[in-house]
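**Student:** Build me a structure from this.
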Amino acid sequence: NKLQAFDIATGAILWTIAGLPEINAGFRNSVCVDDGKVYFGGGSARSFNCADATTGAIIWSRNVVSGDAFAGTTTYAIPVVMDGVVYFTTESTTADGAELVALNIADGTDFAGWATNPILLDGLAGQTMAADPTLGVIYVATDGSGGSGYGSIYAFNGADGSTVWQLTDVELYPYAKAVD
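**Tutor:** Residues are numbered from 1 along each chain as shown. Okay, the predicted model is just below:
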């Protein structure tokens, strides 16, 4: 289980981050690349990480296990970056659902602009997140409690974490990326 970067012209491996954890059959996560940095979750190791996109060197790694500032168990969602903050979801160990987390991209500390961090969602968020920097909004879709397929689509203010709007009882499956 590893994360690798490839040269787009030649296919040559540029760097490898080895030893990433497994979740069932493998490392389930997608990355976000922004401004020379790669952001990715750590799966069952319960970490969220920032690496240099050129070298693969880890810049910071943040533990997101129960007992930390938030109670995530795994990080499946594709992270999104907006205005100096990286947003991602974790599974909750304290409630039935997921949690939306906001961290400062510079050092991985909690983003201080939110009164509540993380924000509890009504189901698992899978890989369905997008950001609209023009509006300052983060969009997240969930599968509903217990994975029923009827979930919510949320729009959160990225600066303060407030709910801009929420559609409930939406029939969807959360493992398709929202288009931004």
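**Student:** just for this protein, where's the confidence low?
**Tutor:** Along the chain, the model assigns pLDDT under 70 to residues 20-29, 42-46, 65-77, 92-96, 126-127, 144-149, 172-180.
**Student:** again, only this time at 80
**Tutor:** 1, 19-30, 42-47, 63-77, 91-98, 123-128, 143-150, 170-180 (pLDDT under 80).
**Student:** where along it do the strands fall?
**Tutor:** Along the chain, counting by DSSP state E, strands occupy 2-6, 13-18, 32-34, 37-41, 47-52, 58-63, 80-82, 85-91, 98-104, 119-120, 129-132, 137-141, 150-157, 163-171.
**Student:** In CSV: those strands, plus mean neighbour count and distance to D110.
**Tutor:** Just so you know, the C-beta spots here come from the backbone N, C-alpha and C atoms, and that holds for glycine as well. Shown next, in CSV, are the strands of the chain (neighbours: other Cβ atoms under 10 Å; distance: least, Cβ to Cβ, whole Å):
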stretch, mean neighbour count, distance to D110
strand 2-6, 14, 24
strand 13-18, 13, 24
strand 32-34, 16, 18
strand 37-41, 24, 15
strand 47-52, 21, 12
strand 58-63, 16, 9
strand 80-82, 21, 16
strand 85-91, 25, 10
strand 98-104, 24, 7
strand 119-120, 18, 12
strand 129-132, 20, 18
strand 137-141, 23, 16
strand 150-157, 20, 16
strand 163-171, 12, 19
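**Student:** For A112, find the nearest of these.
**Tutor:** Smallest distance to A112 across these (Cβ to Cβ): 8.0 Å, for strand 98-104.
**Student:** That closest one packs against which elements?
**Tutor:** strand 85-91, strand 119-120 (3 or more Cβ pairs under 8 Å, 6 or more residues apart in numbering; DSSP states H and E).
**Student:** Mind checking the ones you listed for the one nearest to G161?
**Tutor:** strand 119-120 (5.8 Å).
**Student:** Show me the strands paired with the closest one, marking each as parallel or antiparallel.
**Tutor:** strand 98-104 (antiparallel) (DSSP bridges).
**Student:** The partner strand to strand 85-91, inter-axis angle?
**Tutor:** Angle of strand 98-104 versus strand 85-91, following axes from the mean of the first three to the mean of the last three Cα atoms, to 10 degrees, is 150 degrees.
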